[in-house]
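In: What follows is a predicted protein model with its sequence.
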Amino acid sequence: MPEEASQPAPPPSVHHLEAQRRANRDAAAALGFSPYGQRVDGLMTLAQARAKHSQAADEAHAAAGKAPPAGYVDGRAEVSIAGRITNHRGKGAKLQWIDLRDSTGVIQIAVQLQSLSERAFKLADQLDLGDIVVATGRVTKTRAGEVTVWCSDLSLATKSLSQPPEKHAGLTDVETRYRQRYVDMWATPGTMDVFTLRSRIVARIRRFMDERSYLEVETPMLQVLAGGAAARPFVTHMNALDIKLFMRIAPELYLKRLLVGGMPRVYEINRNFRNEGLDKQHNPEFTMLEAYHAFGDVETVMNLTEELIRDAATMVAIERRDAGGSPDGDDSLPAADELKLPFGELMVDYGSPFLRAPYPELFERNLGFAMTDTARVIAEAGRRGMKTQRGPGAAGQRAVRGVRGEERRPDAPDVHHRLSQRHLAADAPQAGQPGAGGPRRLVHRGDGDRAALHGAERPGRAGGQVPRAARRRRR
């Protein structure tokens, strides 16, 4: 065997900034600190630590002076906190200032030689931005008015080898923000708030549904038939039974079976998977709330939807009010103007009754012609670069159905929806939207057009299922 083949490959090159962080990690380990964490009990959040500050205790400590009298007890709260370093001032000096951040906010800690052990103070010189540290000390306020934890102990929780985003510009690359959410969460103020608020909204939705006697259930995610929606599924294989299975595109069929079995009201907050397009508003996997109510109708669902959205908006308004400095324990309902919340460039009024109108009426109001005017719909779709389905059929019926979305492929969005979507932000929910989900048999009596638009099921097709031959055609 040639000699050169037995030699180990040269180590990969390391950026000089990472090399410095590795050296600091080794120096911290040499001081006896574990660079990758250990169990720590008794920690509180930075917001809780900040709330522990007492101006009276600060004044009493200042009055006691550097040589407090016998029997003096320091009334300043002692706290233990953990956070990621976002700023480090005075590194190498006898007094250093470090900003820490966690999910609740930012707080400053002071690292002073005379207040710490020599070992803990030496650690401060080995810290880098992005490191996570644990600090213990008393909460005070500096002459500049900044609430600060004056450290009596400092230890390393996690050493970061990656260079954090630029301090002032932050994480500006959109793709990096989405692909590395764990960086975006601590580098971009507000991102953590979005995650937290989403979790609280989902919890509030569950509470809302439970209070109205809806029973939360779990239905299969792997299904032998991709049903409940017109969408292209992800396909997998079960080795144990040697059968083809589909990832769930909707929970509809199983939820309806529970109603058949005797459950009067059911709901599920579920993950669905649709092997279709990908853009900012459409992800191949997404969370959906689906609910069914025995002996209800479309108005029942519309009432439930409006009440649920308003209830969630009320919770968000209360959160915003509390974040603005409202007194603790203010459980009063928000005023009407507080239920006007921003959505992008829009200001949505959740306090007023929702507009309820047939979809054809909204379509004509916003586009200037009826959705039944096939020629104009096709012409407008072509003008906007949308494709319509054309093919043989009496009087071009296939083209009409294609525009109406009645025979569209799963990856070809309904043209009516695409033509009018941008105009309907404040008009939801709409009655009679073509291709919309929801109870297909619950239609307005005596309204033939609306019944057709709701997509009432044909006899012999269970739960709105597309026949196998039709599914093949749509693919």
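Out: Yep, it's here.
In: CA atoms for contacts and neighbours, from now on please.
Out: Fine.
In: so where's the longest helix in the protein?
Out: Ranked by number of residues, the top helix in the chain under DSSP state H is helix 298-323.
In: Buried residues in that helix, which are they?
Out: Neighbour counts over helix 298-323 (16 or more other CA atoms under 10 Å) mark 298, 301-302, 304, 307-308, 310-318 as buried.
In: again with stretch 54-63
Out: In stretch 54-63, counting by 16+ other CA under 10 Å, buried: Ser54, Ala57, Asp58, His61.
In: again with stretch 77-91
Out: Buried residues in stretch 77-91 (16+ other CA under 10 Å): Ala77, Glu78, Val79, Ser80, Ile81, Ala82, Gly83, Arg84, Ile85, Thr86, His88, Lys91.
In: Any regions of the stretch 151-300 of the chain where pLDDT drops low?
Out: By pLDDT under 70, the low-scoring segments of the stretch 151-300 of the chain are 167-169.
In: got the residue ranges for the helices in it?
Out: Using DSSP state H, counting those that start in this stretch, the helices assigned to the stretch 151-300 of the chain run over residues 174-179, 181-187, 191-211, 252-261, 298-323.
In: How confident is the prediction for the residue lying closest to Glu338 once chain neighbours are set aside, by pLDDT?
Out: In this structure, Glu338 finds its nearest non-sequential neighbour in Ala317, 6.1 Å apart by CA to CA, 6 or more residues apart in numbering. Looking at Ala317, its pLDDT stands at 91.
In: what is the residue nearest to Leu258 when sequence neighbours are not counted paired to in the beta sheet?
Out: Closest residue to Leu258 apart from its sequence neighbours, by CA to CA, 6+ apart: Val266 at 7.7 Å. Bridge pairing for Val266 (DSSP bridges) gives the partners Leu215, Tyr292.
In: Let me know whether Val266 touches Leu215 as I believe.
Out: Yes: if you go by CA atoms under 8 Å, Val266 and Leu215 touch, sitting 4.7 Å apart.
In: who's more crowded, those two?
Out: Val266 (22 against 17; other CA atoms under 10 Å).
In: separation between the residue nearest to Glu338 and Leu355?
Out: 21 Å (CA to CA, to the nearest Å).
In: helix or strand right after the helix or strand hosting Gln20?
Out: Gln20 belongs to helix 16-30 when assigned by DSSP states H and E. Following helix 16-30 in sequence order, the next helix or strand is helix 46-51 (DSSP H and E).
In: And the next helix or strand past that next one?
Out: Next element after helix 46-51 (DSSP H and E): helix 55-64.
In: what's next to that next one, contact-wise?
Out: Under the contact criterion CA atoms under 8 Å, 6 or more residues apart in numbering, helix 55-64 has outside partners Tyr72, Asp74, Gly75, Arg76, Thr140, Lys141.
In: Just say helix, strand or coil for the second one.
Out: Of the three states, Asp74 takes coil according to DSSP: H, G, I helix; E, B strand; the rest coil.
In: Return the residues in contact with the residue nearest to Glu338.
Out: Going by CA under 8 Å, 6+ apart, Ala317 touches Pro334, Glu338, Leu339, Leu341.
In: Tell me the one of those nearest Met288?
Out: Leu341 (22.3 Å; CA to CA).
In: The closest one: neighbouring residues, count only.
Out: If you count neighbours by other CA under 10 Å, Leu341 ends up with 18.
In: ok, and the closest non-adjacent residue to Ala370?
Out: Nearest to Ala370 is Glu364, by CA to CA, 6+ apart, at 4.9 Å.
In: now the helices for the stretch 301-450 of the chain?
Out: Under DSSP H, counting those that start in this stretch, the stretch 301-450 of the chain gives helices at 359-367, 374-383, 397-404, 415-420, 448-453.
In: domain parsing for the chain?
Out: Each domain of the chain is listed here as a residue range: 16-57+75-167, 192-340, 357-474, per automatic domain parsing.
In: Which of those sits closest to Arg181?
Out: domain 192-340 (9.8 Å).
In: can you give me the end-to-end distance of that closest one?
Out: First-to-last distance for domain 192-340 - CA to CA - comes to 23 Å.
In: Give me the average confidence score over the helix holding Gln20.
Out: Mean per-residue pLDDT for helix 16-30: 94.
In: And the contacts of it?
Out: Around helix 16-30, the neighbours that count as contacts under CA under 8 Å, 6+ apart are Ser34, Pro35, Leu123, Gln126, Leu127, Asp128, Lys159, Ser160, Leu161, Ser162, Gln163.
In: Distance check, the last one against His15.
Out: Read that as Gln163. For Gln163, the distance to His15 - CA to CA - is 10 Å.
In: Show me which of the two is the more surrounded one.
Out: Gln163 (12 against 9).
In: Which pLDDT value belongs to Glu345?
Out: Reported pLDDT for Glu345: 86.
In: Out of the buried residues of stretch 77-91, the closest to Arg376 would be?
Out: Distances from Arg376 to those, taken by CA to CA, are shortest for Thr86, at 58.0 Å.
In: what sits against that closest one?
Out: Per CA under 8 Å, 6+ apart, neighbours of Thr86: Ile98, Asp99, Leu100, Arg101, Leu129, Gly130, Lys167.
In: from the middle of its chain, how far away would whichever strand or helix holds it be?
Out: Assigned by DSSP H and E, Thr86 falls within strand 78-89. Its chain's average C-alpha position is 26 Å from that of strand 78-89, according to CA atoms, centre = their mean, to the nearest Å.
In: Report the backbone C-alpha coordinates of it in CSV.
Out: Taking C-alpha atoms only, strand 78-89 is exported to CSV below (Å, rounded to 0.1, in the frame of the first residue of the first chain):
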residue,chain,number,x,y,z
GLU,A,78,-30.7,37.9,44.9
VAL,A,79,-31.5,36.1,41.6
SER,A,80,-30.1,33.4,39.4
ILE,A,81,-30.6,33.9,35.7
ALA,A,82,-29.4,32.4,32.4
GLY,A,83,-29.2,34.2,29.0
ARG,A,84,-27.4,34.5,25.8
ILE,A,85,-24.7,37.3,25.5
THR,A,86,-25.7,40.0,23.0
ASN,A,87,-23.3,42.7,24.1
HIS,A,88,-20.1,42.8,26.1
ARG,A,89,-18.5,46.1,27.1
